[in-house]
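K.L.:
below are the sequence and a predicted model for it; my questions follow.
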Amino acid sequence: MKKVVEFLQANPVQYLATVGRDGKAKCRPFMFCFEKDGKLWFCTNNTKDVYKDIQANPEIEVSVSSPEYAWIRLHGKAVFENNHEVKVACMENPIVKGQYETAENPIFEVFYLENPHGVIADFSGNPPYEF
């Protein structure tokens, strides 16, 4: 998990893929928040299409590449949880705080990936790191 967290933190703007409610693929810029208690946490708001798409089909994938031509593909089931402690910790990110102001904002939602799995790979020819 440590290697995954380090990769996501080093490459802060990832792309989150969902299946839209129209049945078509959707890919959006997104940001990983942090790892807590073995869970990878993300946030969004409940007025966005991405929230509605995840509610309809919680299977998502996150991907990002590094300037060194390595990449991660991470997938799992998004599980929304009204976790005040996580919401407060998310507010430490100035971008999140700027959008939502407080952890009590009624549109602010947090979710983690259940059973995350995927790979970190590159063009070196070495086998990918699977998790």
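P.N.:
Received, thanks.
K.L.:
what segments of the protein are strands?
P.N.:
14-19, 25-30, 32-36, 39-45, 59-65, 70-80, 108-122, 129-130 (DSSP state E).
K.L.:
touching the third one from outside, list them.
P.N.:
What that stands for is strand 32-36. If you take CB atoms under 8 Å, 6 or more residues apart in numbering as the criterion, strand 32-36 is touched by 1, 5, 8-9, 12, 14, 40-43, 62, 86, 89-90, 93, 96, 110. The C-beta positions use only the backbone N, C-alpha and C, and glycine is treated the same way.
K.L.:
let me know the angle separating it from strand 39-45.
P.N.:
Counting by axes from the mean of the first three to the mean of the last three CA atoms, to 10 degrees, strand 32-36 lies at 140 degrees to strand 39-45.
K.L.:
so which bits of strand 32-36 are buried?
P.N.:
32-35 (16 or more other CB atoms under 10 Å).
K.L.:
what pairs with that strand, and is each one parallel or antiparallel?
P.N.:
Sheet pairing of strand 32-36 (DSSP bridges) gives strand 39-45 (antiparallel).
K.L.:
quick revisit: A70: which of the buried residues of strand 32-36 is nearest?
P.N.:
Set against A70, the nearest of these by CB to CB is F32 (15.9 Å).
K.L.:
ok, what's across the strand from the closest one?
P.N.:
Counting by DSSP bridges, the residues bridging with F32 are F42.
K.L.:
model confidence at it, what's the number?
P.N.:
F32 carries a pLDDT value of 97.
K.L.:
sorry, back to before: now the strands of the chain as a markdown table including distance to E101?
P.N.:
Formatted as a markdown table, the strands of the chain follow (distance: least, CB to CB, whole Å):
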| stretch | distance to E101 |
| --- | --- |
| strand 14-19 | 23 |
| strand 25-30 | 20 |
| strand 32-36 | 16 |
| strand 39-45 | 12 |
| strand 59-65 | 26 |
| strand 70-80 | 20 |
| strand 108-122 | 9 |
| strand 129-130 | 38 |
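K.L.:
re earlier: of the contacts of strand 32-36, buried ones?
P.N.:
With burial judged by 16+ other CB under 10 Å, the buried subset of those is 8, 14, 40-43, 62, 86, 89-90, 96, 110.
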